[in-house]
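Peer 1: show me the folded form of this:
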Amino acid sequence: MAVRVPPVLAIDGESLTVEEVVRVARAFEPVRLGQRAIPRIEASRAALLRIVKSGRPTYGVTTGLGQLENVSIPKADVLRLQVNLVRSHAVGVGDPLPEDAVRAAMLVRANALAKGYSGIRRELVELLLGILNRRVHPVVPSQGSLGASGDLAPLAHIALVMIGEGAAMDRGKRMDGGAALRAKGLKPLRLGPKEGLAVLNGTAVMGGMGCLLVADALQLLKDAEIAASMSLEALRGSPQPFDERLSRLKKQIGQHLVAGTMMKLLKDSEVIESHKGPHKVQDAYSLRCIPQVLGACYESIHYARQVVEIEINSATDNPLIVPGSEEVLSGGNFHGQSLAFALDFLALGLVVLGAIAERRVARLIDAHLSGLPPFLTEHSGLQSGMMLLQYTAAALVSENKVYAHPASADSIPTSANQEDHNSMGQGAALKARRVLENARRIVAIEYLCAAQGLEFLKPLRPGIGPRIAHRVIRRSIPKVTQDRPQADDIERIVGMMAARAIAGAVEEKVGHLA
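Peer 2: Model prediction:
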C-alpha cells in the first residue's frame, strides 16, 4: 500500500493565501522556502552587510529604536543590540494565544522575510519554518501589541524561542525555549545585524489571526444560511424575497449570492407548497431580508479577506533594504491600519449575523408569531422548552454589541511620542475572535430551535438543505420531548459546525454555498 506523502507548501513572499495559512496553522502542512526567494534574500543580506561596513547610520541596525533613533550604536555592539531588542520587547501579558494563531503568525512572518527586503540570512527564515515543521509552539501572550511598529511584543516572544530563550509548548508540556528546540533537533540562532528587529517589526500576528478569522467567518456564514433556511421553513415563510429578479434590481453581489443559496437550500420543500395561497402578505425582516443582511455580512468578510491577503504578502518591517544596492528605505509598512479597519469591519458583520439569527430564534419560540407550540414544547407551563435558549442568544448578542465598537478608532502615543499614532490592529483581531465565538453559538442555538420547530410540521418535509441539516443534527441531538439541560446541546452543535459536519453534508447535496 502506497504511503501518502503530505504536500509541502513553498513560500516566496508573493503568493500566500488564507487557505494555505489555515492548512499550515491547523493541519500542520509542512512548509519550505521557495527557490525564487533565496536569491532575493541573499542579495538583500549582502546589501545590508555593505551598509554596516560603511558605518552609515541605519535605524535599528546601527541606531537605537523609537525615540532612541538618534543614539548611535558602536560596531562592537551591533549584534548585542539585536538580542537586547528581543529581550526588552518581550513584555506581552494575558492568556497565551492558541497554537493555531501562533503558527499562523510564524508562517506570515516567514513569508514577509522571504520577499527579500529585510536584510536577514536565509538561516533565519529556515529556522522559523523548522519550528513550524517540528511543531514547536512558542508561548505568546495575547496582549501588548499596538498594531504599529508591528506586533512587537507578541513577535518578541516568538523571537525569544528562536534564540533559545523564552518558553514553548511541546505536546502540552511547557518548557524552556532552548530545550524545546534541542528536543526537535533545532539549534538556536545567533542573531546578526537587523535580524532581531526583522522578526519583531511586522504585522504577522494580526495578519495570521486575520487569516484564521476570515476562514472561520466564511464557514460560519454557510451555517448561518442553513440555519436561516431551517427557521424560514419552521415559520412557514415565503421564498419570494429570494427571487433572482429582486437581486438583479439591486446589484449587490452578496445579496445576489445569498439569495441564490437560499433557493438552493429550499428546493423541493413540501412545507412551502403546503402554505401557498392566502397567507401573510410579507414576512418579518429577519426572514424577508436574509439576502440583504447576510449578503452584507458576506461582503464584510470578503473585504477583510482582500486586505489580509495583501498584507500577508507584503514587506512589513522597517527599514527595508533594496537588494542589489545600498539603499535603505525607512518608512511605516509595519503600521496595521488597513488590517485594523478590515478586522473591525469583519467583526461588525459577524455582530449583525448573530443579531438577525437571534431575532429568528425569538420568533420560533413565540407562539403568537410562529404558529408553533409555545417555546417549542407540547407541554408549556409544566415545561419551559426552549425558552431559555433565546435568553442565552440575547446575552451573546448584547455582548457582541459592546465588541462592535471599533478598536481602530483608538490610538495611544508611545515611545515618548515618536510613535504617536498606532492602529490597535491586534486589539481588533482579538475582539473579532470573541465576536465570532459568540456568533457561532447564536447560530448553534438557531439550529437547535429551528430543528425543534420542524418537528411540529411533520409529515411535511422541508427543502433539501433544511432536511439534510435536520437529519445530521438528530444523529447527535434528539428532539426535546421533556425539559433537559441544553448547554451541552449548544456546544455539541458548535463542535459540529467547527467540523463542517452540517454544512459539509448539505453542500454535498445542493452544491457550493455562498
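
Peer 1: from here on, contacts and neighbour counts on C-alpha atoms
Peer 2: Noted.

Peer 1: ranges for the strands of this protein?
Peer 2: Assigned by DSSP state E, the chain shows strands spanning 9-11, 31-33, 93-96, 137-138, 141-143, 167-170, 173-176, 320-321, 328-329.

Peer 1: neighbours around the nearest residue to residue 38 once chain neighbours are set aside, how many?
Peer 2: Distances taken as CA to CA, 6 or more residues apart in numbering put residue 122 closest to residue 38, at 7.0 Å, once the chain neighbours are dropped. Counted by other CA atoms under 10 Å, the residues lying close to residue 122 total 19.

Peer 1: returning to that earlier point: which of the strands of the chain is buried the deepest?
Peer 2: The highest mean neighbour count among those, using mean count of other CA atoms under 10 Å, belongs to strand 137-138: a mean of 29.

Peer 1: who's in contact with that one?
Peer 2: The contact list for strand 137-138, computed with CA atoms under 8 Å, 6 or more residues apart in numbering, reads 99, 102-103, 131, 157-158, 161, 166-170, 177.

Peer 1: returning to that earlier point: looking at the strands of the chain, which has the lowest confidence?
Peer 2: Between the strands of the chain, the lowest average pLDDT goes to strand 328-329, which shows a mean of 88.

Peer 1: which outside residues touch the least confident helix or strand in the chain by mean pLDDT?
Peer 2: Taking mean pLDDT, DSSP states H and E as the measure, the helix or strand of the chain with the lowest value is strand 328-329, at a mean of 88. Applying CA under 8 Å, 6+ apart, the contact partners of strand 328-329 are 58, 318-322.

Peer 1: farthest-apart pair in those, please.
Peer 2: Farthest apart among the contacts of strand 328-329 by CA to CA are 58 and 322. That separation is 13.3 Å.

Peer 1: for residue 482, which of the strands of the chain is the nearest?
Peer 2: Among these, if distance is taken as CA to CA, the winner is strand 93-96, at 39.6 Å.

Peer 1: got the buried residues for stretch 227-242?
Peer 2: By neighbour count on 16 or more other CA atoms under 10 Å, the buried set for stretch 227-242 is 227-239, 241-242.

Peer 1: number of residues surrounding residue 97?
Peer 2: Residues contacting residue 97 under the criterion other CA under 10 Å number 19.

Peer 1: in terms of pLDDT, where does it sit?
Peer 2: 98.

Peer 1: distance of the residue nearest to it when sequence neighbours are not counted relative to residue 335?
Peer 2: Closest residue to residue 97 apart from its sequence neighbours, by CA to CA, 6+ apart: residue 142 at 5.1 Å. Counting by CA to CA, to the nearest Å, the separation of residue 142 from residue 335 is 18 Å.

Peer 1: likewise residue 27?
Peer 2: To residue 335, residue 27 is 30 Å away according to CA to CA.

Peer 1: in helices, which of the buried residues of stretch 227-242 appear?
Peer 2: The members of the buried residues of stretch 227-242 that map onto helices under DSSP state H are 227-234.

Peer 1: quick check: closest non-adjacent residue to residue 192.
Peer 2: residue 79 (5.7 Å).

Peer 1: ok, how many other residues are close to the one you found?
Peer 2: Residues near residue 79, counting by other CA under 10 Å, number 19.

Peer 1: just checking, it touches residue 189?
Peer 2: No. Counting by CA atoms under 8 Å, residue 79 stays clear of residue 189, with 12.0 Å between them.

Peer 1: how much space between the residue nearest to residue 14 when sequence neighbours are not counted and residue 306?
Peer 2: Spatial nearest neighbour of residue 14, chain neighbours left out: residue 313 (5.1 Å); criterion: CA to CA, 6+ apart. Distance of residue 313 to residue 306, given as CA to CA: 11 Å.

Peer 1: more crowded one of these two?
Peer 2: Per other CA under 10 Å, whichever of residue 313 and residue 306 has more neighbours is residue 313, with 23 against 13.

Peer 1: for the closest residue to residue 364 other than its chain neighbours, give me its contacts.
Peer 2: Spatial nearest neighbour of residue 364, excluding adjacent residues (CA to CA, 6+ apart): residue 370 at 5.5 Å. The contact partners of residue 370, by CA under 8 Å, 6+ apart, come to 235, 363-364.

Peer 1: what's the local residue count around residue 183?
Peer 2: 13.

Peer 1: could you do residue 476 as well?
Peer 2: Around residue 476 there are 11 residues (other CA under 10 Å).

Peer 1: could you report the pLDDT at it?
Peer 2: Predicted confidence (pLDDT) for residue 476: 96.

Peer 1: and residue 446, how close does it get to residue 364?
Peer 2: From residue 446 across to residue 364, the span is 9 Å (CA to CA).

Peer 1: list residues touching both of those two?
Peer 2: residue 231.

Peer 1: where exactly do the helices run in the stretch 251-400 of the chain?
Peer 2: Remark: helices assigned in the stretch 251-400 of the chain by DSSP state H, counting those that start in this stretch are 253-265, 270-274, 285-288, 290-311, 337-365, 367-370, 387-403.

Peer 1: among these, which comes closest to residue 202?
Peer 2: Nearest to residue 202, of all these, is helix 290-311, at 9.9 Å by CA to CA.

Peer 1: quick one: average pLDDT of the closest one?
Peer 2: Mean predicted lDDT for helix 290-311 stands at 98.

Peer 1: neighbouring contacts of that helix?
Peer 2: With CA under 8 Å, 6+ apart as the test, helix 290-311 has contacts from 16-18, 203, 207, 210-211, 214, 217-218, 221, 225, 228, 242, 252-259, 338-339, 342-343, 345-346, 349-350, 352-353, 514.

Peer 1: just the buried ones from those?
Peer 2: 16, 18, 203, 207, 210-211, 214, 217-218, 221, 225, 228, 242, 253-259, 338-339, 342-343, 345-346, 349-350, 352-353, 514.

Peer 1: so what's the residue positioned nearest the centre of the chain closest to, chain neighbours aside?
Peer 2: Computing the C-alpha centroid of the chain and ranking residues by CA atoms, centre = their mean puts residue 213 first, at 1.2 Å. With CA to CA, 6+ apart as the criterion, residue 213 has its nearest non-adjacent residue at 6.7 Å, and that residue is residue 433.

Peer 1: tally of neighbours for residue 23?
Peer 2: Residue 23: 16 neighbours (other CA under 10 Å).

Peer 1: numbering from 26 from now on, please.
Peer 2: Yes, from this point I'll number from 26; that puts the last item at residue 48.

Peer 1: pLDDT score assigned to the nearest residue to it once chain neighbours are set aside?
Peer 2: Distances taken as CA to CA, 6+ apart place residue 54 nearest to residue 48, at 5.8 Å, with adjacent residues excluded. Here the pLDDT value assigned to residue 54 is 98.

Peer 1: which residues does the residue nearest to residue 39 contact?
Peer 2: 38-41, 133, 136-137.

Peer 1: try 10 Å this time
Peer 2: 36-42, 133-134, 136-140, 232 (CA atoms under 10 Å, 6 or more residues apart in numbering).

Peer 1: please apply the same query to residue 232.
Peer 2: Contacts for residue 232 (CA under 10 Å, 6+ apart) come out as 43, 126, 129-130, 133-134, 176, 238, 332-338, 361, 364-365, 368, 450-451, 454.

Peer 1: swap in residue 489?
Peer 2: By CA under 10 Å, 6+ apart, the contact set of residue 489 is 289-294, 495, 531, 534-535.

Peer 1: quick one: which of those residues is nearest residue 482?
Peer 2: Residue 482 has its nearest neighbour among the contacts of residue 489 in residue 294, at 11.8 Å by CA to CA.

Peer 1: for this protein, which spans come out with low pLDDT?
Peer 2: By pLDDT under 70, the weakly predicted segments of the chain are 26-31, 89-94, 302-305.
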